[in-house]
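Peer 1: just to be clear, the model below is a prediction. Sequence and coordinates:
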Amino acid sequence: MKYSLRVKLSFSYALVALISVVLIMAITNLFLDKYFREYVRHNQEQKNNDVISSISHQYQDNGKWNMEMIETIGVRALENGLIIKVKDKDGNAIWDATVHNNGMCQRIIEHMAQNVSSRYPHMKGTYTEIPYAINSGFAKVGEIQIGSYGPYYLSDNDLAFINTLNKLLIGIGIFTMLFSLVLGSIIARRLSSPISRVIRSAQSIAKGYFSDRVLERSNTKEICQLTSTINNLAGTLEKQEVLRKRIGADVAHELRTPLATLQSHMEAMIDGIWKPDAERLKSCHEEIIRINKMVGDLEKLARYESESLVLNKTSFDISELIYRIVLNFEPEFKNKDIKLAFNGESEEVFADKDKISQVVINLVSNALKYTPEGGVVNISVKGAEDITEISVKDNGPGIPEEDLPFIFERFYRADKSRNRLTGGSGIGLTIVKAITEAHKGRIEVQSRVDYGTEFILSLPKETNQDE
Ligand code: ADP
């Protein structure tokens, strides 16, 4: 069973309030009981002492008792829950509450027992009579027995006080719970509503509306992070979608042109319109080579881009490697009358030698391809503390700013006319990027139209031998 965030939050608030109220009530009752019992006991003692003192004063100097007053005191004590018995020094009863009104005494005892058991159901109380001496000067002149419910009893006032307090606590508890439920629900709604709106936007993005964005504004940090993450994700998906569509169209387009050329040439030769001479066959052969190269590039790219790109890393001097590549390229650069310069000191790297050569070859062949005759290409290697930088810089036509973000994508050519003069398939830089990323490195490009282009490859040093 799944519950909404709002329900969960509201109930957690109510639960916290309930636990707090129950704890407060339990602790209050515990302390209240302890101090209240002491207070009741103390009160009882006080009442006893008052009665003893009042009775003592009724002993007159002539050895007689003021019977009228004793009765008044005895009746008042009875009304206060004390059943008293007064005896003279010989033990003869002077006044006895049970004789005065036995029925009332019984009712009082029962009432006291009821009060006590209503508050402390498990307490075993009994009716007890405690004798106190009545003294006149230093001589004992009589005795008073005070009977009450023990060890202590609660008067109606005591019980009313404690019950009111408990009702008050329960009232506060119910109010706090309701209040926290309402407050919790408001806070939960404020938290969950933006999340629900984000979810709705995310669902629409998931349905394929990649251009949709979450517009939720919130001052909750996590919600802001969530919206920006979803928007980034939508952006990536949108880009991927555009790319996917373009790849499909591009592959078809790239293959269609040479295939159509081949087809028409072949048909012309089959129909006898063209003689299958060496030149025509050579042109067909070139188209086949082109298609083959493209399929090869695609295969290579698929391999480099696959997650299982395994690097066979070794330690080697990258300057030495690049120098050898430069030597191999030299004749082609010379043919095109482009000055090729290499500058780099010995720099040890830990990388996949073959794949790094592929990267350098792709960058250098691009420089050769796009730099016009009479141009200059500079290649350099620079070692910093934690990276090795390889730069391939030319003074060719440059890449328009609007094309720069896309040049590393498959089949992307800044040259929109797609003329085949350059012979490129738009895969070279994609391969460069895939290999660089597999090495946890970075490839950057700086370019200005009519001034030239510089590709900078940075390889991290921390991925070295200790990997
Ligand atoms: P291609 O096979 O077309 O060269 P790449 O992936 O190697 O494919 O390059 C993508 C695009 O980037 C090229 O079509 C070209 O427009 C642009 N480009 C790459 N290198 C350079 C460069 N050195 N100078 C100018 N443009 C370049």
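Peer 2: Right, received. Where do you want to start? Numbering: from 1, shown residues only.

Peer 1: just say helix, strand or coil for E143.
Peer 2: Following DSSP: H, G, I helix; E, B strand; the rest coil, E143 is assigned to strand.

Peer 1: against the ligand, how distant is E389?
Peer 2: Distance of E389 to the ligand, given as Cβ to the nearest ligand atom, to the nearest Å: 17 Å. Where C-beta positions appear, they are placed from N, C-alpha and C, glycine not excepted.

Peer 1: quick one: contacts for that residue?
Peer 2: V381, K382, G383, I456, L457, S458 (Cβ atoms under 8 Å, 6 or more residues apart in numbering).

Peer 1: now the buried members of these.
Peer 2: With burial judged by 16 or more other Cβ atoms under 10 Å, the buried subset of these is V381, G383, I456, L457, S458.

Peer 1: single out whichever of the residues you listed has the smallest pLDDT.
Peer 2: Ranked by pLDDT, the buried ones among the contacts of E389 bottom out at G383 (91).

Peer 1: hey, what's it bridged with?
Peer 2: Under DSSP bridges, the beta-bridge partners of G383 are T388.

Peer 1: could I get the contacting residues of it?
Peer 2: G383 neighbours (Cβ under 8 Å, 6+ apart): E345, E347, E389.

Peer 1: one step back: out of the buried ones among the contacts of E389, who's nearest I187?
Peer 2: S458 (48.4 Å; Cβ to Cβ).

Peer 1: pop out the phi and psi values for that closest one.
Peer 2: When read as degrees, to the nearest 10, the backbone of S458 gives phi -110, psi 120.

Peer 1: check R448 too.
Peer 2: When read as degrees, to the nearest 10, the backbone of R448 gives phi -140, psi 130.

Peer 1: pLDDT score for D271?
Peer 2: 93.

Peer 1: how much space is there between it and I325?
Peer 2: Using Cβ to Cβ, to the nearest Å, one gets 47 Å for the distance from D271 to I325.

Peer 1: which secondary structure element contains I134?
Peer 2: Under the criterion of DSSP states H and E, I134 resides in strand 126-136.

Peer 1: now for that strand, which elements pack on it?
Peer 2: If contacts are counted by 3 or more Cβ pairs under 8 Å, 6 or more residues apart in numbering; DSSP states H and E, strand 126-136 sits against helix 5-56, strand 83-88, strand 139-150.

Peer 1: any idea which of the ones you listed is most buried?
Peer 2: Comparing the helices and strands packed on strand 126-136 by mean neighbour count (mean count of other Cβ atoms under 10 Å), strand 83-88 ranks first with a mean of 22.

Peer 1: okay, now the sheet partners of that one, with direction.
Peer 2: Neighbouring strands of strand 83-88 in its sheet, by DSSP bridges, are strand 93-96 (antiparallel), strand 139-150 (antiparallel).

Peer 1: now the longest one - C-alpha only, PDB.
Peer 2: Written as PDB, here are the backbone C-alpha positions of strand 139-150 (Å, rounded to 0.1, in the frame of the first residue of the first chain):
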ATOM      1  CA  ALA A 139      -1.000  15.600  82.800                       C
ATOM      2  CA  LYS A 140      -3.000  13.400  80.500                       C
ATOM      3  CA  VAL A 141      -6.700  14.200  81.000                       C
ATOM      4  CA  GLY A 142      -8.200  12.200  78.200                       C
ATOM      5  CA  GLU A 143      -7.800  10.600  74.800                       C
ATOM      6  CA  ILE A 144      -9.200  11.200  71.400                       C
ATOM      7  CA  GLN A 145      -9.500   8.600  68.700                       C
ATOM      8  CA  ILE A 146      -9.600   9.900  65.200                       C
ATOM      9  CA  GLY A 147     -10.800   7.500  62.600                       C
ATOM     10  CA  SER A 148     -10.300   8.000  58.900                       C
ATOM     11  CA  TYR A 149      -9.700   6.100  55.800                       C
ATOM     12  CA  GLY A 150      -6.000   5.300  55.300                       C
END
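
Peer 1: in the strand holding I134, what's buried?
Peer 2: Buried-residue list, strand 126-136, by 16+ other Cβ under 10 Å: Y127, Y132, I134.

Peer 1: wait, the first one sits on I109?
Peer 2: Yes. Counting by Cβ atoms under 8 Å, Y127 does reach I109; the two are 5.2 Å apart.

Peer 1: what's the overlap in contacts for the two?
Peer 2: Taking Cβ under 8 Å, 6+ apart as the contact rule, Y127 and I109 both touch Y149.

Peer 1: list just the nearest of the contacts of E389 to E444.
Peer 2: Of all these, E444 sits closest to I456, with 4.8 Å by Cβ to Cβ.

Peer 1: helix, strand or coil: sort out that closest one for me.
Peer 2: Applying three-state DSSP: I456 is strand.

Peer 1: distance of it relative to K87?
Peer 2: Using Cβ to Cβ, which is the criterion applied here, I456 is 117 Å from K87.

Peer 1: related to what we said a few turns ago, would you reformat the buried ones among the contacts of E389 as CSV and include distance to K282?
Peer 2: Formatted as CSV, these follow (distance: Cβ to Cβ, whole Å):
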residue, distance to K282
V381, 41
G383, 47
I456, 40
L457, 38
S458, 43
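
Peer 1: what residues does the stretch 251-400 of the chain have near the ligand?
Peer 2: Neighbours of the ligand within the stretch 251-400 of the chain, by Cβ under 6 Å from any ligand atom: N362, N366, A367, Y370, D394, G396, P397, I399.

Peer 1: of these, which belong to helices?
Peer 2: N362, N366, A367, Y370 (DSSP state H).

Peer 1: good, we can wrap up now.
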